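Please work out how this folds:
(one chain, ligands or ions: 2)
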Amino acid sequence: MEKLMERFLEQSAQAEDSFYRMEEQRLQAEDRRREAEHARELHMLQMLGQMFSGVSSARPASSSSTPSKTASLARPPTFSGASQSLTRGQSAQLRRPSPQTDCLTQQSQVLNRDQQALVFERYYGLGSTSHRDMDDDILPLIKSIVPPLTSKKHKGQDGRIGIIGGCQDYTGAPYFAAISALKVGADLSHVFCTKDAATVIKSYSPELIVHPVLDSPNAVEEIEKWLPRLHGLVVGPGLGREDLLLKTAKEVIEKSKARDIPIVIDADGLWLVTQQPSVIQGYQKGILTPNFMEFTRLYESLHHEPMDSRDHQRNVMQLSVAMGNLTLVLKGEQDLISDGSNVIPCSIEGSGRRCGGQGDLLSGSLGVLAHWAHAASAAGTLRSVNPSVVAAFGACCLTRQCNSQAFQRHGRSTTTSDMIQEIGSAFKKLFES
Ligand SMILES: NC(=O)C1=CN([C@@H]2O[C@H](COP(=O)(O)OP(=O)(O)OC[C@H]3O[C@@H](n4cnc5c(N)ncnc54)[C@H](O)[C@@H]3O)[C@@H](O)[C@H]2O)[C@@H](O)CC1
Ligand SMILES: Nc1ncnc2c1ncn2[C@@H]1O[C@H](COP(=O)(O)OP(=O)(O)OP(=O)(O)O)[C@@H](O)[C@H]1O
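Ligands and ions are numbered 1, 2, ... in the order given. All right, here's what the predicted structure looks like:
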């Protein structure tokens, strides 16, 4: 009987393995098909672009007043370039119903290369630009990465996001991150947490897919099985600092890097990075979102000296460079975003209410936006700018807007759950109006 059982289990494991192998092959084939489709779409866009530039160059000189300025801005500012290659899973989410409607949608939504360069030139070049102007300038870039909602898409195309976190002490943080990802527009949100956290997290929301694997003996393999299906990963909310969990998180990060998946690292994930910076150093699709304490720890670990807190902008730049031009978000009264080339502040109005979990809303949203931004970059929709920076700025704007709206309703009693309720309308106000 025991032998029979053993054989049965072995056969089930083999069947499961072959299912995942086939599933991966299917996804790869689907990605290749979509890449080809994108190439066709891109070609049509270029042709349309040539037609439009033909029309605009035929206009009287007065209607295009800045030809020389535009020409000089066509060069990207000193900005770490993002890979233009299509990667697994990324191509999927920008697929649209037909090349023709796709072209038209993109044409109306997207800033051209010169305009994108101009936005960033203004950020980086003009110290006198007010923050309000900056926010207004960069918002169109974020709008350009938001995939349109069409009836032709299938579930999963707008993003499948994974959260690595959730342990006995912290069940709220991974929930906040995962539900925020869904509310921003991901189709599926997975939480990989410890066994004892799983039932609790499931009970918060039937919308989340919860895997109680983080403390299992074969945690890495269990999570790795899902990686081919994930478009973005958020590591850290409610992860805790147990060595075993951090080791698993580290290996999952390594495997995700090998798959070119955008990775946001927050909270206890940053504890891991502080101990072992090389785990994410130099990975251009990595984004770190430290609060001030997390930032200080990381800075001091890399620079081996106390941080001088008088100049946050300089510190953010320095740390980003030390991390291999990784995109960093130092959260605070002003969120400071840098990829080592310069610093973009996000200071749209929030409120004075600082309830726990706001950072989880930010990291969960960022998981989705990072996927959208890198997909847009791979498809050629977002050019001359670092997709991670655009995504980070979008997530900061959204978090602060949610905070402001929730505060207007609830004042001092505002909680992160109240902010999450505001994601839909805040998103619409910022990115869809
Ligand atoms: N409901 C939940 O389950 C929540 C769980 N959380 C989790 O709790 C774990 C620990 O996170 P912590 O953020 O407490 O990390 P730490 O244990 O490193 O604590 C950081 C401390 O720094 C303080 N701090 C933050 N900004 C500061 C500033 N500008 N100046 C001075 N002090 C500042 C905070 O009060 C906090 O106590 C993480 O796994 C996190 O995800 C949090 O996300 C909050 C919500
Ligand atoms: N002083 C502030 N004024 C306005 N907004 C702020 C301020 N501090 C933080 N925020 C907003 O809250 C977001 C989360 O920052 P916070 O410092 O609370 O992160 P955190 O400590 O990692 O959060 P969590 O409680 O989830 O761990 C920031 O991105 C920012 O938008």
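
Let me know the secondary structure of residue 191.
Three-state call for residue 191 (DSSP: H, G, I helix; E, B strand; the rest coil): strand.

what about it, neighbour count?
Using other C-beta atoms under 10 Å, residue 191 has 32 neighbouring residues. No exception for glycine: its C-beta is placed from N, CA and C like everyone else's.

Output the below-cut-off pLDDT ranges for this protein.
Flagging of the chain using pLDDT under 70 yields the residue ranges 20, 23, 28, 30-136.

Look up the closest residue to the residue in it positioned nearest to ligand 1, ignoring the ones flanking it.
Relative to ligand 1, the nearest point of the chain is residue 172 (2.4 Å; C-beta to the nearest ligand atom). Spatial nearest neighbour of residue 172, excluding adjacent residues (C-beta to C-beta, 6 or more residues apart in numbering): residue 357 at 5.9 Å.

how close does the residue of the chain closest to ligand 1 sit to ligand 2?
9 Å (C-beta to the nearest ligand atom, to the nearest Å).

if I look at that residue, how far off is residue 286?
Distance check for residue 172 against residue 286: by C-beta to C-beta, to the nearest Å, it reads 25 Å.

circling back to that earlier point, where does the residue nearest to residue 172 fall, phi/psi-wise?
As for residue 357, its main-chain torsions (degrees, to the nearest 10) stand at phi 110, psi -10.

picking up where we left off before, who's more crowded, residue 172 and residue 286?
The residue with more neighbours, out of residue 172 and residue 286, is residue 286; 27 against 20, by other C-beta under 10 Å.

Could I get the buried residue list for stretch 423-433?
Neighbour counts over stretch 423-433 (16 or more other C-beta atoms under 10 Å) mark 423, 426, 427, 430, 431 as buried.

Tell me which residue is most central in the protein.
residue 370 (2.3 Å; C-alpha atoms, centre = their mean).

Which strand or helix spans residue 163?
In the assignment (DSSP states H and E), residue 163 maps to strand 160-164.

Quick one: the helices in the stretch 301-433 of the chain, in order.
312-322, 358-378, 387-410, 416-421, 423-431 (DSSP state H, counting those that start in this stretch).

Give me whichever of those is most buried.
Stretch with highest mean neighbour count among these: helix 358-378 (a mean of 29; mean count of other C-beta atoms under 10 Å).

do that one and ligand 1 meet at all?
Yes: part of helix 358-378 sits near ligand 1 under the criterion C-beta under 6 Å from any ligand atom, namely 359, 360.

okay, that helix in PDB with CA atoms only?
This file holds the C-alpha atoms of helix 358-378, laid out as PDB (Å, rounded to 0.1, in the frame of the first residue of the first chain):
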ATOM      1  CA  GLN A 358       1.100  53.400   3.000                       C
ATOM      2  CA  GLY A 359       4.500  52.100   1.800                       C
ATOM      3  CA  ASP A 360       2.800  48.800   1.000                       C
ATOM      4  CA  LEU A 361       0.300  50.500  -1.200                       C
ATOM      5  CA  LEU A 362       3.200  52.200  -2.900                       C
ATOM      6  CA  SER A 363       5.200  49.000  -3.500                       C
ATOM      7  CA  GLY A 364       2.200  47.000  -4.700                       C
ATOM      8  CA  SER A 365       1.200  49.700  -7.200                       C
ATOM      9  CA  LEU A 366       4.800  50.100  -8.300                       C
ATOM     10  CA  GLY A 367       4.900  46.300  -9.100                       C
ATOM     11  CA  VAL A 368       2.200  46.900 -11.700                       C
ATOM     12  CA  LEU A 369       3.500  50.200 -13.000                       C
ATOM     13  CA  ALA A 370       7.000  48.800 -13.400                       C
ATOM     14  CA  HIS A 371       5.700  46.000 -15.500                       C
ATOM     15  CA  TRP A 372       3.600  48.400 -17.700                       C
ATOM     16  CA  ALA A 373       6.500  50.800 -18.000                       C
ATOM     17  CA  HIS A 374       9.000  48.200 -19.100                       C
ATOM     18  CA  ALA A 375       6.500  46.600 -21.500                       C
ATOM     19  CA  ALA A 376       5.900  50.100 -23.000                       C
ATOM     20  CA  SER A 377       9.600  50.600 -23.300                       C
ATOM     21  CA  ALA A 378      10.100  47.200 -25.000                       C
END
